[in-house]
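1. what would the 3D arrangement of this be:
(chains A and B, ligands or ions: 4)
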Amino acid sequence: MSYSDEDESLQYNSSGSNHNNDAATVILMGRRRSGKSSILEAVFHKMKPWESVYIESTAKPEVLNVASLININLMELPGQIDYVDPEYDNSQMFRQTGAIIYVIDAQDEYYGAVRNLIRVVEKAYMENPNIRVEVLVHKIDGLSEEFRDDTVRDIKDRTSEMLYDGGLESFAGIDFYQTSIYDQSIYEVLSKIISRLIPELPSLEHLLDNFVQHSAIEKAFICDLKSKLYFVTDSSPLDSKIYEVCAELIDLSIDLDSLLGGNHDDDSSSLEGSITEGAITDGESTPKQKRLRCVSKLSSGIKLYLHEVLKDLCLIAFIRDDGIGADDSATLAVLDYNAAIFRKGLERIFHDRL
Amino acid sequence: MSYKNILLMGKSGSGKSSMRNMIFSNYSAIDTRRLGATIDVERTQIRLLNNLNLSLMDCGGQDSYMLNYIKAGSTKLNNAELLIYVFDIEGTQPKDFEIFNLILNTLKNLSPRCKIFLLVHKMDLVNEEEREKVFLDFYVGVKSSSNLKFFLDQNNVQCAQTSIWDESLYKAWSQIVGSLIPETQALQKHLKNLGNIVSAEFIMIFETSTFLKIATHPNSLPKDEQADLDSITQRVSGIIKNYKKSVEKISARFRSLTLYANSKSIYLDNLTDNMVIMIVIPDSKIEKDINKSTTVKISEEKYVQDVIKRARKTFEKLDFSGKK
Ligand SMILES: Nc1nc2c(ncn2[C@@H]2O[C@H](COP(=O)(O)OP(=O)(O)OP(=O)(O)O)[C@@H](O)[C@H]2O)c(=O)[nH]1
Ligand SMILES: Nc1nc2c(ncn2[C@@H]2O[C@H](COP(=O)(O)OP(=O)(O)OP(=O)(O)O)[C@@H](O)[C@H]2O)c(=O)[nH]1
Ligand SMILES: [Mg+2]
Ligand SMILES: [Mg+2]
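-> Ligands and ions are numbered 1, 2, ... in the order given. This next block holds a predicted model:
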């Protein structure tokens, strides 16, 4: 898996399909200082949230490529430039975009931002009626708990009113979320947005549902070890707190590994590379490059299980054991066994893609 | 039950309550923005190890309060075991040094054996390259406070730089707690034994509620390696504290963790009610050693768990009260 920053101009090839690099595109928009760069830095470059105060305003569009279970280009359009200006030809841009993430600073006056959002929606919908618009009511940490829901509701109401006025009341592809880089909310929301763009999502979900069934697991995720985002989860309802613990376990495993685990040969081998390698060695990891495996026990019979099934991609299971005195080592053996089966299933799905 | 009195002082807004709540009440750094000025004194009773009981007095730092503490007849500075004095690196004025000096003067009379820990705080506000120099300059300035000499002469003054935004906070508070634990030789001896039994690369012991470091094995290394180990210890402490905190949000408590990393195995487990142990073992080292002496192949994990289980009794008996 690799992340790379590269400047990219807004030139799009007109055919709309680029076979060498058919990455999904997600556009981040929002007014100046709303927090777009901070979100990308915090999630994909491990920037500490408080360090984001030093980020400079972005001057031109910037693309961050994330290549993992999904190949995706995250493009930040700086707030300085008005992209819905009629002078500006943005039709190609919206046509090729899977989703627009529109960031609104909840700590600032937001009426202007909502007006701008409406213009973006109008334009994007015109070019691409299937487009999704994900509105992040961001920097929510600065609001006291009791105002958070009210603020989101207000923004939501204003938006639907104005969409109605613009004759766009039928547009259903818009959702609102509360986010902050100071907690796990931004990870959860980005996970949801990105996972929707994975073409194989239904089969992956099915794979996880099977895994959960056979191993008496409450919740399971496939997560990216580098960003902590989950790409897939089983179809049972998601409890944010459980995802938060799982994300924290990833942090812990990665940090302990890098502090104490000795040297990794940090090659930039891609997902494809590791799949072929896995296929050749029939699921056995090479002795030198051992994959992470972590088991944590909590009170009241809760166990967390993390296993790196492909390079930088891990399977996490949240287990609530009410079987009194259940044999731990047996449970773990079953988990390891099922993780191996799961890994095979994952490889099969991606062989079809390649 | 006897308590050791710990005073936490410094001017208003210097960050005392922030530190207290982060170390003892699970606040994260961002939560501290919500704190209001402390009114008078907030007292927290803390039981750290089997029999190490602290009474931490977070003293509101507004001038009127500070002058109250040193008024004739005030008993706040009586019987103090330790004074932790916090300086805000950005907001300290000459007047604040005067008040500091007055406090020391009273302390000299009421608690002459008191140890002093100076924390130069909010160091995150200083450019990273200049931190060391700014810190040293500040310390030199503080040292010239006339009333500190009395305590310096008894070798009872320590100083550290801190920030709530990095692990320096844990480092300083580990030192503080370390200075309150009277007898760690017994602990060190047991750790060494344990280390040999499991062929550990190193072992760390943390206090359960605060996750401050209590001891490590090996306990002394060449200087630069020691610095590495210290910084690793503090970071580990911070990382696990975060995890513990998120676990509490689902109403659970942390029990244990086993991590197989690239070339190490890492085990974290409760050692006693007050101690968590972390053992780091180079890959497959134990299995080799075990197999030399036994014919049965025991899995490493099971073996380590058994060793920890047996060690519990020994560690539970350790006395931290300072009574001989
Ligand atoms: N409190 C809080 N502040 C945030 C959060 N996210 C970003 N910020 C702050 O918002 C400010 C602006 O962030 P940027 O990421 O540069 O904003 P941007 O949207 O990229 O701005 P342009 O590049 O000018 O379009 C910084 O000072 C960040 O520290 C958040 O979740 N909470
Ligand atoms: N930048 C920075 N800010 C800090 C740090 N520690 C605390 N603060 C901030 O300083 C402010 C005041 O902190 P408090 O802990 O309430 O101060 P206090 O010393 O208890 O003040 P009194 O109770 O009035 O004596 C809070 O907004 C904290 O977020 C630090 O290390 N760096
Ligand atoms: Mg930006
Ligand atoms: Mg206070």
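
2. A:Lys318 pairs with what?
-> Rather than Lys, residue A:318 is Phe. For A:Phe318, the beta-bridge partners are A:Lys219, A:Leu304 (DSSP bridges).

3. am I right that B:Glu81 is in a helix?
-> No. Under DSSP: H, G, I helix; E, B strand; the rest coil, B:Glu81 falls outside any helix and is assigned strand.

4. let me know whether it touches B:Leu52 as I believe.
-> No. Contact between B:Glu81 and B:Leu52 fails when scored by C-beta atoms under 8 Å: they sit 11.0 Å apart. Every C-beta, even on glycine, is put in place using the N, C-alpha and C of the backbone.

5. name the residues contacting each of the two.
-> By the contact definition C-beta atoms under 8 Å, 6 or more residues apart in numbering or on different chains, B:Glu81 and B:Leu52 are jointly contacted by B:4, B:180.

6. more neighbours, these two?
-> Neighbour count, other C-beta atoms under 10 Å in any protein chain shown: between B:Glu81 and B:Leu52, B:Leu52 has more, with 21 against 17.

7. and the more buried one, what does it touch?
-> B:Leu52 neighbours (C-beta under 8 Å, 6+ apart): B:4, B:180-181, B:320-321.

8. take the residues you listed and keep only those in helices.
-> B:Leu180 (DSSP state H).

9. pick the one among the contacts of B:Leu52 closest to A:Lys297.
-> Closest approach between these and A:Lys297, by C-beta to C-beta: B:Phe320, at 27.1 Å.

10. roughly how far apart are the closest one and B:Lys213?
-> From B:Phe320 across to B:Lys213, the span is 15 Å (C-beta to C-beta, to the nearest Å).

11. so which of the two has more stuff around it?
-> Applying other C-beta under 10 Å to B:Phe320 and B:Lys213 shows that B:Lys213 carries more neighbours, namely 23 against 20.

12. the more buried one pairs with what?
-> Assigned bridge partners for B:Lys213, using DSSP bridges, are B:Phe206.

13. can you pull out the strands in chain A?
-> Listed in chain order, the strands of chain A (DSSP state E) span A:2-7, A:24-30, A:62-67, A:71-76, A:97-105, A:132-138, A:174-178, A:219-224, A:230-233, A:293-298, A:302-310, A:313-320.

14. equivalent analysis for the stretch 151-300 of chain B, please.
-> B:157-161, B:202-207, B:213-217, B:254-260, B:264-270, B:275-282 (DSSP state E, counting those that start in this stretch).

15. so can I have CSV of the contacts of B:Leu52 showing pLDDT?
-> Formatted as CSV, the contacts of B:Leu52 follow (pLDDT from 0 to 100):
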residue, pLDDT
B:Lys4, 90
B:Leu180, 85
B:Ile181, 81
B:Phe320, 70
B:Ser321, 65
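
16. can you tell me which of the contacts of B:Leu52 has the most neighbours?
-> Counting by other C-beta under 10 Å, top hit in those: B:Phe320 with 20 neighbours.

17. I'd like the distance between the closest residue to ligand 4 within the stretch 1-150 of chain A and ligand 3.
-> Closest to ligand 4 within the stretch 1-150 of chain A is A:Ser144: 19.8 Å, counting by C-beta to the ion. From A:Ser144 across to ligand 3, the span is 27 Å (C-beta to the ion, to the nearest Å).

18. how much space separates that residue from B:Lys245?
-> 20 Å.

19. thinking again about what came up before, redo the strands of the stretch 151-300 of chain B as CSV? Include distance to ligand 1.
-> Formatted as CSV, the strands of the stretch 151-300 of chain B follow (distance: least, C-beta to the nearest ligand atom, whole Å):
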stretch, distance to ligand 1
strand B:157-161, 24
strand B:202-207, 31
strand B:213-217, 31
strand B:254-260, 27
strand B:264-270, 31
strand B:275-282, 32
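
20. compare these and give me the one nearest ligand 4.
-> Of the strands of the stretch 151-300 of chain B, nearest to ligand 4 by C-beta to the ion is strand B:157-161, at 19.5 Å.
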